[in-house]
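Participant: Sequence first, predicted coordinates after that:
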Amino acid sequence: MESTAHDFKSNVDSALANPNLQDSLAMLKVGFSERRRLAAERLPEFEVLRDRARDIKNHALANLDFYLEEFERKVIGLGGHVHWAPTAADARRIITDLCKSVGARTVAKSKSMVAEEIALNEHLEKAGIAPIETDLGEYIIQLRNEPPSHIIAPAVHLTKDQVADTFLEHHGPLGFTKRLTERNDLVAEARYVLRQKFLDADVGLTGANFLVAETGSSMLVTNEGNADLSNTLPKMHIVLATIEKVIPTLEDAAVLLRVLARSATGQESSAYTTLNTGPKRDGDLDGPSAYHVVILDNGRSSVLGTEMQEILRCIRCGACMNHCPVYGAIGGHAYGWVYPGPIGAVLTPQLIGVEEAGNLPNASTFCGRCESVCPVRIPLPKLMRHWREREFERHLTPKAVRQGLALWSFFARRPKLYRRLTGLANRVLSLFGRAQGRYDALPLAGGWTRFRDFPAPQAGGTFHAQWARHGGTRTRP
Amino acid sequence: MSDTESSARSHILNGIRRSLQRGPLTGEARHAVEGRLAAPPRGPDVARARLAQPEKIALFCQWAETNNATVARVAAGDVAGEVTAYLARNNLPARAVMAPSPLLDGYDWESQKMLSLRRGRGEGSDQVSITGAFAAIAETGTLVMASGPDHPVTLNLLPDTHIVVLREADIVGGYEDVWARLRERYGKNLMPRTVNTITGPSRTGDIEQAMELGAHGPRRMHIVVVRE
């Protein structure tokens, strides 16, 4: 998809002013994050499992070439095909060619963030092939022509009423002329409309949560069952997965599954976890006759061995965004590309460049909740700090910020001068502001006071002064 | 593999090796990962996956019900009767498509004069399906379905109501016990086309994060646990 990450600030302004979005985001705080906490509490081994999950992904990344080759060997052995795509363009070409090879007119798609990353839908449409999103959330936003705003709940930015309007507009011509008001009626209507599309689709396209090297299986986790219909009804099943999805064995999958659903939605287990291994076998009464796996790199191999490597452990549960105060205030669209929230703030500059997305890592209070809930313990704040440094090094930081920092560092390196100046400022601010206790306007601080008051310092002097007065001493390491 | 494809393959694999600052794994390092594949290390023990069989069965039933399935525990002779009674209780037609499985054929369907059964794969118009299960996981109340001529995948997905006949002996503790059974049945490294693990009816949280049942798969799941 086209990135608007460079417009981050204006994206944020529109998000904050959007009442529907704000209503939807309010539900996030009591929804996924509370359920995750309860699920983690119900499983005493949860923290040890997180440690192991981290170790498994680290092991897989350190031996990625080996496990990918093993995976390929197993898939081929069972009559499947593996295609290697260094770039997004390669993956799009491979998938379009595969669809054309069976004369496909429609593709039943199960939600795939990687497909969003490579803008697959637009390219299929250009080739005259209609992609049909079958995950309910993806279906809703496809009708509305919007990008997803969350990696596991793509329509989380919408209210039920907005969904009702969208369905009335698009299903009306199919004979559904009543505006629905209940969630279960909306779900039932989408099920009815999509069922026929499943039965008619020529190709099923899914992502993969994991690729299991031991067995050559692609593993998919869903609640709706749409991925399973996508990989069972059409005559061709295409799996699109990136290189870091490969894990060694089924035992490793068990560990990762135990942390995935709990971190994502707070469920003990998602409703469907499916292992697909090759095409239909002799004697099978259903299943696709062709099975293809497209393995995409798209810049990931160059992240290996760098200080950013830890981001490749991500299993895309969405916990970091569910717990992020910034995501909770602005939602996913403001981030301007496929991956929002803390993971997006780290991954987007990596995948599309710090020039385009350098602002995203600044959208963090560094409160650390993302890291504290990450099932594979990715140090997201540390990685965001890394991008802030890169942004500064490349002189992408705004001039005012750079000059301000230069000024501050001039004084910070001259402690005596620094203390005299801050002491003076403290006294002045305290003198004029004590009565009111706050300032609603201050020279040079308009960026702050436009949105909130600046507290007036109370008696007692600066922190340094108070520290010295209370007999604080400096400890040297 | 065409030249383009083979060069794309080596492009990616060599890129990975360059980043990891090594060539293809050889010698000791290769031996170590091959060994790990051959004898997969188990993850940390999960206490609730390691109970005695009667507690396993009870835990399975408890989690299955928490996940919106219904459970009936009956003797083998009462399986067919329970299926008919369930359909009647829920005002469903006494008509179902059943997996062509010898195990299911062993139950006394003849005794249910009103019940009409078709054997085969699922179609879009089917209301009710009846299948067995390869195994079930106590830890999360999850059913495990292995595809094959005796268990078409469409039966797990297309009908509105899915009735599963599960033998007590097939209830295991955790995922790892299922993997062990799969390896025993299909051979090490070999898998049926599809293994569906299913926890309750189909659901979605995509509208306002509220769970609604019956997104694309079955709206109702009834598990008939056969006492031994």
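Facilitator: Thanks, I have it.

Participant: what's the domain layout of chain B?
Facilitator: What automatic domain parsing lists as the domains of chain B is B:3-38, B:47-227.

Participant: Which residues does stretch A:407-421 contact?
Facilitator: Here stretch A:407-421 makes contact (CB atoms under 8 Å, 6 or more residues apart in numbering or on different chains) with A:462, A:464-465. No exception for glycine: its C-beta is placed from N, CA and C like everyone else's.

Participant: Neighbour-wise, give me the winner out of those.
Facilitator: Top of those by neighbour number is A:Thr462, holding 18 neighbours under the definition other CB atoms under 10 Å in any protein chain shown.

Participant: thinking it is in contact with A:Leu424, fair?
Facilitator: No: contact criterion CB atoms under 8 Å: A:Thr462 and A:Leu424 do not qualify, at 9.8 Å.

Participant: Need the residues touching each of those two.
Facilitator: Between them, A:Thr462 and A:Leu424 share no contacting residue under CB under 8 Å, 6+ apart.

Participant: Identify the residues contacting the closest residue to chain B within chain A.
Facilitator: Of all residues in chain A, A:Gly225 sits closest to chain B, at 3.0 Å by CB to the nearest CB. Counting by CB under 8 Å, 6+ apart, A:Gly225 makes contact with A:271-272, B:157, B:202, B:215-218.

Participant: so which of those comes closest to A:Ser217?
Facilitator: Nearest to A:Ser217 among those: A:Tyr272, at 14.5 Å, using CB to CB.

Participant: Quick check on that closest one: phi, psi?
Facilitator: Torsion angles at A:Tyr272 (phi, psi; degrees, to the nearest 10) stand at phi -130, psi 120.

Participant: same thing with the one 4 residues further on?
Facilitator: With angles defined as degrees, to the nearest 10, A:Asn276 shows backbone torsions of phi -110, psi 130.

Participant: Name all residues that make contact with the nearest residue to A:Leu64 once chain neighbours are set aside.
Facilitator: Of all residues not flanking A:Leu64 in the chain, B:Ile16 sits nearest, at 5.1 Å (CB to CB, 6 or more residues apart in numbering or on different chains). Applying CB under 8 Å, 6+ apart to B:Ile16 gives the contacts A:64-65, A:68, A:243, A:301, A:304.

Participant: circling back: quickly compare the domains of chain B and say which is most buried.
Facilitator: When the domains of chain B are scored by mean count of other CB atoms under 10 Å in any protein chain shown, the highest mean neighbour count falls to domain B:47-227 (a mean of 20).

Participant: rewinding a little: quick check: closest non-adjacent residue to the residue of chain A closest to chain B.
Facilitator: Take A:Gly225 and drop its neighbours on the chain: the residue closest to it by CB to CB, 6+ apart is B:Gly217, 3.0 Å away.

Participant: does A:Pro376 sit in a helix, a strand or a coil?
Facilitator: Quick fix: residue A:376 reads Val, not Pro. Recorded secondary structure, A:Val376: coil (DSSP: H, G, I helix; E, B strand; the rest coil).

Participant: where along chain B do the helices fall?
Facilitator: Secondary structure of chain B by DSSP state H: the helices cover B:3-20, B:27-38, B:53-66, B:79-89, B:102-105, B:154-157, B:175-186.

Participant: Can you check which of those gets nearest to B:Gly148?
Facilitator: helix B:175-186 (9.5 Å).

Participant: From the chain's centroid, how far away is that closest one?
Facilitator: Remark: helix B:175-186 is offset 12 Å from the chain centroid, using CA atoms, centre = their mean, to the nearest Å.

Participant: Check stretch B:142-158 too.
Facilitator: The answer for stretch B:142-158 is 7 Å, by CA atoms, centre = their mean.

Participant: How many residues are close by A:Ala445?
Facilitator: Number of residues near A:Ala445 (other CB under 10 Å) recorded here: 11.

Participant: Nearest residue to the middle of chain B?
Facilitator: Residue closest to the average C-alpha location in chain B (CA atoms, centre = their mean): B:Val144, at 2.0 Å.

Participant: Any stretches of chain B with poor pLDDT?
Facilitator: For chain B, the stretches flagged by pLDDT under 70 are B:1.

Participant: give me the residue from it nearest chain A.
Facilitator: Chain A sits closest to B:Gly217 of chain B, with a gap of 3.0 Å, by CB to the nearest CB.

Participant: Show the contacting residues for that residue.
Facilitator: When contacts are counted by CB under 8 Å, 6+ apart, B:Gly217 touches A:224-225, A:228-229, A:271-272, B:156-157, B:162, B:198, B:201-202.

Participant: Try it again at 10 Å.
Facilitator: Counting by CB atoms under 10 Å, 6 or more residues apart in numbering or on different chains, B:Gly217 touches A:191, A:222-226, A:228-229, A:271-272, B:156-160, B:162, B:196, B:198, B:200-203.

Participant: If you rank every helix and strand of chain A by mean pLDDT, what lands last?
Facilitator: Lowest by mean pLDDT, DSSP states H and E among the helices and strands of chain A is helix A:446-449, with a mean of 82.

Participant: Excluding sequence neighbours, find me the nearest residue to the residue nearest the centre of chain A.
Facilitator: Most central in chain A under CA atoms, centre = their mean is A:Tyr339, positioned 3.8 Å from the mean C-alpha point. Leaving aside its chain neighbours, A:Tyr339 sits nearest to A:Leu347 (5.0 Å; criterion: CB to CB, 6+ apart).

Participant: Tell me, how many residues neighbour that neighbour?
Facilitator: 26.

Participant: ok so it is a helix residue?
Facilitator: Yes: according to three-state DSSP, A:Leu347 belongs to a helix.

Participant: The nearest residue to B:Arg227 once chain neighbours are set aside: what's it in contact with?
Facilitator: In this structure, B:Arg227 finds its nearest non-sequential neighbour in B:Ala75, 5.2 Å apart by CB to CB, 6+ apart. B:Ala75 sits next to B:81-82, B:226-228 when contact means CB under 10 Å, 6+ apart.
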